[in-house]
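In: Below is the sequence, then the predicted model.
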Amino acid sequence: MLNKQLLDQEFGFMKDVIFLDAAHVALPPMRTQAVYSNYMTEYVKIFAEDVTQNAWAMADEARRDVATLLGCESTEVAFIKNTAEGVGIFTAGYPFTPGQNVIIDDLEHPSNLNNWVRQKSRGLELKVIPSRDGSIFIEEYEKLIDENTVGITVSAVQYSSGFYTDLDRLGRLCKERNILLMVDGIQAVGRLDIDVKRQNIAALAFGGHKHSWGTMGCGALYVRRDVLQKLEPPYVSYQSVTDFIAPPAVTTDFTRLNWKADSRRLEAGLLNFAGVAALRAGVSLINELGVKNISEHVLQLDRQLRAALKGIELKVVTPRDESNYSGIVCIYYPKDHEDKVVEILRRRRIYATMRGGYIRVSMHAYNTPEHMDAAAEALWEISKLS
Ligand SMILES: Cc1ncc(COP(=O)(O)O)c(C=O)c1O
């Protein structure tokens, strides 16, 4: 059960607004807003004394919170600026050899997709699974895996259809075939029950500005310990290696880099610590509420909305199986009536993503059954536009 009192305390500022748009950018909880807004003021107050030591200590606590959320070790978590950077660090750093292949689908967001396309110049082949009506079918992966397949990359939840790939099942397949599962987690982390160990995920990146209730410019990258050892990151500084040249620094060995064994090897230079603090605040709230509780709640809201839309004359993107629901529902509206659609949503104080001819409704812990009723009423009104 979700702690309603805690939700009211953290999200009371939404009042009569029906916010269904964290799939775009979250309205973060009070604790995230406070820590992010105050970050600089706090260290100016103390004349920046110990600011970097304190910041690294805070980042280590944030690592633990993210690790708790993802079900991994904190030594497997690095902070990154966004999903694209996380996938980029992984793809650039992994020792692919020419002729190897990775399986991808045709729905991926550019932050994932383009980093894989880029590896083609290193001789990596991409095998593509065609989606059908916003869905991806796991049987298709089985057909494409061969002896040169290194792994599969997929978004946990597709940004344009809301389709959730059953990561438990895909993870089992990857385990059986001894290949890697690499996940763009941004539309799932914080809302759905992602557990990287149970789901046999080798790497997962997410930006913090959506369902994990952090902010833009800071996210996290998980890389499983054994895979981490194989990565040669594209950037390096003193945080990434074991030998620290203490001042007055005179370098004598210009030949080697001794990479740290843990995820710190993926971080170079100082981090966006205000962003890390924001992500930590958001993730700590998710951990307090319990991501399994949140997941059950959003999936229940998802089913409620779909049931209320039964028979509507709008195209509702619907996976064949309920196990692929995600708490994100995409509904196409009549193309020529965009202005009226915006008016209907605004009048009812509903915030959702509108792009490419569809409305994307995304649910989180603070949403209620009444919000779903209101969204359904608005959609029925939209369906009558002519
Ligand atoms: C599935 C998916 N991946 C990646 C992104 C963008 O991620 P970032 O800006 O963190 O690179 C989005 C944002 O909409 C998304 O929906």
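Out: Thanks, I have the structure now.
In: And the residue in the stretch 251-386 of the chain that the ligand sits nearest to, how far from residue 160?
Out: The stretch 251-386 of the chain approaches the ligand most closely through residue 353 (9.0 Å), counting by CB to the nearest ligand atom. For every residue, glycine as well, the C-beta is placed using N, CA and C. In this view, residue 353 and residue 160 are 10 Å apart by CB to CB, to the nearest Å.
In: Please name the spatially closest residue to the residue of the stretch 251-386 of the chain closest to the ligand (chain neighbours excluded).
Out: Nearest non-adjacent residue to residue 353, counting by CB to CB, 6 or more residues apart in numbering: residue 360, 4.0 Å away.
In: where does this structure come near the ligand, residue by residue?
Out: 82-84, 109, 111-112, 155, 159, 184, 186-187, 207, 219 (CB under 6 Å from any ligand atom).
In: among those residues, which are in strands?
Out: In this view, those that belong to strands under DSSP state E are 155, 184, 207, 219.
In: So which of those is surrounded by the most neighbours?
Out: residue 219 (31 neighbours; other CB atoms under 10 Å).
In: from what I can see it touches residue 79, true?
Out: Yes - between residue 219 and residue 79 there is a contact at 7.4 Å, judged by CB atoms under 8 Å.
In: what is in contact with these two at once?
Out: residue 279 (CB atoms under 8 Å, 6 or more residues apart in numbering).
In: what sits against the closest residue to the ligand within the stretch 151-300 of the chain?
Out: Using CB to the nearest ligand atom, the single residue of the stretch 151-300 of the chain nearest to the ligand is residue 207, 2.6 Å away. Going by CB under 8 Å, 6+ apart, residue 207 touches 81-83, 86, 111, 186, 216, 218-219.
In: ok so, going back, so how far is residue 214 from the residue nearest to residue 353?
Out: Distance from residue 360 to residue 214, by CB to CB: 20 Å.
In: now residue 9
Out: 18 Å.
In: and the two? which has more neighbours close in?
Out: For residue 9 versus residue 214, the count of surrounding residues by other CB under 10 Å is larger for residue 214: 31 against 13.
In: thought that one was touching residue 274?
Out: No - in this structure, residue 214 is not within contact of residue 274 by CB under 8 Å, at 10.2 Å.
In: what does the helix or strand of the chain at the bottom of the mean pLDDT ranking contact?
Out: In the chain, no helix or strand scores lower on mean pLDDT, DSSP states H and E than strand 353-355, which sits at a mean of 93. By CB under 8 Å, 6+ apart, the list of residues contacting strand 353-355 from outside reads 21, 23-24, 333, 338, 341-342, 345, 359-360, 362.
In: Contacts made by stretch 172-186 with the rest, please.
Out: Counting by CB under 8 Å, 6+ apart, 83, 87, 90, 102, 108-109, 111-112, 138, 141-142, 145, 149-156, 167, 170-171, 194, 199-207, 210-211, 219, 227 sit against stretch 172-186.
In: Take the residues you listed and keep only those in helices.
Out: Using DSSP state H, the members of these that fall in helices are 83, 87, 90, 111-112, 138, 141-142, 167, 170-171, 227.
In: Quick one: the helices in the protein, in order.
Out: 4-11, 30-45, 51-70, 83-93, 110-118, 138-144, 167-176, 225-228, 273-289, 291-308, 338-347, 369-383.
In: list the buried ones in the third one?
Out: Put plainly, it is helix 51-70. For helix 51-70, the neighbour count (16 or more other CB atoms under 10 Å) marks 51, 55, 58-59, 62-67, 69-70 as buried.
In: That helix - contacts with which helices or strands?
Out: If you count contacts as 3 or more CB pairs under 8 Å, 6 or more residues apart in numbering; DSSP states H and E, helix 51-70 packs onto strand 77-80, strand 219-223, helix 273-289.
In: Any buried residues in the longest one, and which?
Out: Spelled out, that is helix 273-289. 273-286, 289.
In: and this protein, what are its domains?
Out: Using automatic domain parsing, the domain ranges for the chain come out as 4-28+291-383, 32-288.
In: Now the longest one: average pLDDT?
Out: Mean pLDDT, taken over the full extent of domain 32-288, equals 96.
In: what's the span of it, first residue to last?
Out: End-to-end distance of domain 32-288 (CA to CA, to the nearest Å): 14 Å.
In: What of stretch 251-258?
Out: Taking CA to CA, the first and last residues of stretch 251-258 lie 14 Å apart.
In: contacting residues around residue 220?
Out: Per CB under 8 Å, 6+ apart, neighbours of residue 220: 66, 77-80, 86, 205-206, 208, 279.
In: now swap in residue 267 and tell me
Out: Neighbours of residue 267 in contact, by CB under 8 Å, 6+ apart: 78-79, 239-240.
In: Now the two most distant members of those residues.
Out: Across these, the longest distance by CB to CB is 12.6 Å; it joins 79 and 240.
In: And those two? Which one has more around it.
Out: residue 79 (26 against 20).
In: Buried residues, the least confident helix or strand of the chain. List them.
Out: residue 353.
In: That one pairs with which strands, parallel or anti?
Out: strand 358-362 (antiparallel) (DSSP bridges).
In: how big is the angle separating the strand it pairs with from helix 338-347?
Out: Going by axes from the mean of the first three to the mean of the last three CA atoms, to 10 degrees, strand 358-362 is angled at 20 degrees with respect to helix 338-347.
In: May I ask you to confirm that residue 306 is in contact with residue 322?
Out: No - the pair residue 306 and residue 322 fails to qualify as a contact (CB under 8 Å) at a distance of 9.1 Å.
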